[in-house]
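Asks: missing the sequence, but the structure's below:
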């Protein structure tokens with residue numbers, strides 16, 4: 001049963017008699033408190049809107065996404081290897097990241113900074129302490145992309161060397177360090193061929209030879225310059241770690257015996273090198289080192305297999321645990337930032353070299369991770 005529509009008011013209201021005065025309801029005076037309340041609410045709404053969008057000169061870093069280097073992204077394996085037998089892997093090897101605002105193109109808002117101050121998993125710093133002043137977002141993105149590419153290349157060299165492969169390299173001088181003897185004797189584009197008569201077929205040979213040199217002593221480099229070989233005596237300097245330093249920056253060109261492709265989108269920087277190297281080792285060995293364990297980690301990787309320090313490790317610890325990791329491989333040089341900031345349920349193992357990391361991955365996969373070294377005060 002449907003109800004009929006109600007008649008319109010003008011159909012039922014009788015017309016007033018001609019000459020009659022229309023009744024008017026008296027207007028109530030405006031309550032000053034209502035005006036004050038409405039004005040306050042409007043002002044608050046405006047301030048909140050401004051706080052959401054107004055940029056402030058601070059950078060906020062928070063736990064970022066993690067990625068399993070043994071897995072896939074958008075249907076494509078993160079690590080693809082051809083030219084050698086590969087083996088199935090189980091478990092997870094998760095690289096870790098930080099997310100941040102405060103750079104050009106990604107400004108921090110006042111509300112975001114306030115949230116960061118009250119969030120124990122985030123860090124708020126002056127923007128200039130995190131983002132190089134004067135750089136554009138395009139320059140920052142390009143630098144991060146280049147660091148990621150170098151990270152992948154270094155990880156591949158270190159992993160293949162760890163597995164016994166020889167990775168030939170042409171060692172080209174990209175520049176020299178001011179104040180060293182090399183600064184006045186070596187030129188950009190020189191190719192290092194020998195050190196004290198020993199041929200340099202790869203980067204590792206150069207490093208090994210320098211380890212035997214006493215800082216301050218003179219070495220003789222054979223370099224190819226303008227198509228001819230030249231003998232160049234170089235007085236070595238001393239590195240902060242006490243080892244001898246030639247004073248050159250090398251741009252190596254590698255010849256890989258195995259083709260390794262690493263595909264990852266939306267992530268830049270050098271700190272995934274250790275996890276990339278572990279993934280390559282795991283895939284190229286018959287043993288399933290990870291063996292079902294969920295292992296996260298971080299750390300730069302150089303071609304000699306040395307694990308280097310990174311930034312944002314506290315946020316990376318949180319992100320790793322959030323995404324289900326039970327173990328975390330941390331650079332030994334970051335241990336002072338780790339102690340006291342490990343999420344419940346996450347076990348940290350300190351590593352200084354790729355060999356350390358491989359040994360840790362293998363022990364964890366065998367259920368013997370409890371004996372591994374951790375970060376202590």
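Replies: Received it, and whenever you're ready, just let me know what you need. Source: prediction; values computed, not measured.
Asks: and the strands in the stretch 151-300 of the chain?
Replies: 169-176, 191-195, 198-199, 218-225, 228-235, 237-238, 244-245, 248-254, 259-262, 294-297, 300-301 (DSSP state E, counting those that start in this stretch).
Asks: looking at those, which is nearest to residue 123?
Replies: Between residue 123 and the strands of the stretch 151-300 of the chain, the tightest spacing by CB to CB is seen for strand 294-297, at 19.0 Å. Heads up, the C-betas are built off the backbone N, CA and C, glycines and all.
Asks: and the contacts of the closest one?
Replies: 66, 91-96, 274-275, 278, 316, 319-320, 323-330, 351, 357, 361, 364 (CB atoms under 8 Å, 6 or more residues apart in numbering).
Asks: what about the residues you listed, which are in strands?
Replies: Counted as lying in strands by DSSP state E, out of the contacts of strand 294-297, are 66, 92, 93, 94, 95, 96, 327, 328, 329, 330, 351.
Asks: list the beta-bridge partners for the fourth one.
Replies: So that's residue 94. Here residue 94 sits in beta bridges with residue 68, residue 296, going by DSSP bridges.
Asks: residue ranges with poor pLDDT in the stretch 1-150 of the chain?
Replies: In the predicted model of the stretch 1-150 of the chain, residues 1-54 satisfy pLDDT under 70.
Asks: let's see 90
Replies: Applying pLDDT under 90 to the stretch 1-150 of the chain flags residues 1-61, 73-75, 100-150.
Asks: narrow the ones in strands among the contacts of strand 294-297 to those that are buried.
Replies: For these, a burial check counting by 16 or more other CB atoms under 10 Å picks out 66, 92, 93, 94, 95, 96, 327, 328, 329, 330, 351.
Asks: sort out which residues of the longest helix along the chain are buried, please.
Replies: Looking across the chain with DSSP state H, the single longest helix is helix 137-162. Using 16+ other CB under 10 Å as the test for burial, helix 137-162 gives 140, 147-148, 150-162.
Asks: of those, which is the nearest to residue 208?
Replies: Nearest to residue 208 among those, with distances taken as CB to CB, is residue 161, at 11.6 Å.
Asks: check contacts around the closest one.
Replies: 167, 204, 303, 305.
Asks: that older thread, the longest helix of the chain: how far from the chain's middle?
Replies: In terms of CA atoms, centre = their mean, to the nearest Å, the centre of helix 137-162 is found 11 Å from the chain centre.
Asks: for residue 181, give its distance to residue 206.
Replies: When distance is defined by CB to CB, to the nearest Å, residue 181 is 17 Å away from residue 206.
Asks: higher neighbour count, those two?
Replies: residue 206 (23 against 19; other CB atoms under 10 Å).
Asks: now the more buried one: closest residue in space, sequence neighbours ignored.
Replies: residue 200 (5.1 Å; CB to CB, 6 or more residues apart in numbering).
Asks: looking at it, that neighbour is touching residue 208, isn't it?
Replies: No: Residue 200 is beyond contact range of residue 208, at 10.1 Å (criterion: CB atoms under 8 Å).
Asks: please identify which of those two sits among more neighbours.
Replies: Between residue 200 and residue 208, residue 200 has the larger neighbour count (other CB under 10 Å), namely 20 against 13.
Asks: ok, now which ones touch the more buried one?
Replies: With CB under 8 Å, 6+ apart, residue 200 has these contacts: 171, 192, 193, 194, 206, 209.
Asks: just curious, which of those residues is nearest to residue 224?
Replies: Distances from residue 224 to those, taken by CB to CB, are shortest for residue 193, at 5.7 Å.
Asks: could you check how far the closest residue to the closest one other than its chain neighbours is from residue 63?
Replies: Nearest non-adjacent residue to residue 193, counting by CB to CB, 6+ apart: residue 222, 4.7 Å away. Using CB to CB, one gets 50 Å for the distance from residue 222 to residue 63.
Asks: neighbour count: the two, which is higher?
Replies: Between residue 222 and residue 63, counting by other CB under 10 Å, residue 63 is the more crowded of the two (24 against 18).
Asks: what is the host helix or strand of the more buried one packed up against?
Replies: Assigned by DSSP states H and E, residue 63 belongs to strand 58-68. Counting contacts by 3 or more CB pairs under 8 Å, 6 or more residues apart in numbering; DSSP states H and E, strand 58-68 is packed against strand 92-101, strand 108-109, helix 110-118, strand 123-126, helix 127-130, helix 313-322.
Asks: make TSV out of the ones you listed and add distance to residue 374.
Replies: TSV is the format used below for the helices and strands packed on strand 58-68 (distance: least, CB to CB, whole Å):
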stretch	distance to residue 374
strand 92-101	17
strand 108-109	34
helix 110-118	29
strand 123-126	23
helix 127-130	28
helix 313-322	13
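Asks: of these, which approaches residue 259 most closely?
Replies: Using CB to CB, those put strand 92-101 closest to residue 259, at 20.2 Å.
Asks: between that closest one and helix 137-162, how many degrees?
Replies: Here the directions of strand 92-101 and helix 137-162 differ by 160 degrees (axes from the mean of the first three to the mean of the last three CA atoms, to 10 degrees).
Asks: and strand 92-101, what other elements does it pack with?
Replies: strand 58-68, helix 273-284, strand 294-297, helix 313-322.
Asks: save the strands of the stretch 151-300 of the chain as CSV, and put in distance to residue 135 and mean pLDDT too.
Replies: Below are the strands of the stretch 151-300 of the chain laid out as CSV (distance: least, CB to CB, whole Å; pLDDT from 0 to 100):
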stretch, distance to residue 135, mean pLDDT
strand 169-176, 20, 95
strand 191-195, 32, 97
strand 198-199, 41, 96
strand 218-225, 34, 96
strand 228-235, 34, 96
strand 237-238, 30, 91
strand 244-245, 29, 92
strand 248-254, 21, 93
strand 259-262, 26, 95
strand 294-297, 29, 98
strand 300-301, 21, 96
